[in-house]
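Q: Sequence first, then the predicted structure:
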Amino acid sequence: MNTNKRFFTILYLGTIAIFLVYMLFISDHNLSKHIELSKKIKKLDESIIQTKNQINNKFTYTELKNNPKLLEQYAREQMNMQKKDEDVFVIVYQSK
């Protein structure tokens, strides 16, 4: 009776071990593929954010550096900066 129970325990653990090895290393959806795809997703998300920032920025760095009027306009529009003696109202549209 004891050997029969031991046999099934070893068989059960062996089956689980074989399944884990298959899922982690051999199958098409293995662990390295998941890690690779996660890194790719992070890079693409960063690329999306960078592209959105480039679209929102109307001026290049050199234009802002050389033209103080453009720098002031950019600071007022994008960063909501203001002079000491003025009030700035930001209007936010909400879609329904």
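A: Great, that's in hand.
Q: CA only for contacts and neighbour counts going forward, please
A: OK.
Q: pLDDT below threshold where in this protein?
A: 1, 55 (pLDDT under 70).
Q: Would you state the strands of it in chain order?
A: With DSSP state E as the criterion, the chain has no strands.
Q: residue boundaries of the helices in it?
A: 2-21, 31-56, 61-66, 68-78 (DSSP state H).
Q: If we go by neighbour counts, what in the shortest one is buried?
A: Residues of helix 61-66 classed as buried: Leu64 (neighbour count, 16 or more other CA atoms under 10 Å).
Q: The last one now?
A: For helix 68-78, the neighbour count (16+ other CA under 10 Å) marks 71, 74 as buried.
Q: who does that helix touch, helix- and strand-wise?
A: helix 61-66 (3 or more CA pairs under 8 Å, 6 or more residues apart in numbering; DSSP states H and E).
Q: what helices or strands is the helix it packs on leaning on?
A: Checking 3+ CA pairs under 8 Å, 6+ apart, helix 61-66 ends up next to helix 68-78.
Q: Which residues does the helix it packs on contact?
A: Residues external to helix 68-78 that are found in contact with it (CA atoms under 8 Å, 6 or more residues apart in numbering): 63-65, 81-82.
Q: between those, which is closest to Ser95?
A: Comparing these against Ser95 with CA to CA places Met81 closest, at 25.7 Å.
Q: how about that closest one, what does it touch?
A: Ala75.
Q: switch to 10 Å and redo it
A: Applying CA atoms under 10 Å, 6 or more residues apart in numbering, we find Met81 in contact with 72-75, 87-88.
Q: Just put those residues in CSV and tack on distance to Leu44.
A: Formatted as CSV, those follow (distance: CA to CA, whole Å):
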residue, distance to Leu44
Glu72, 32
Gln73, 31
Tyr74, 27
Ala75, 29
Asp87, 39
Val88, 36
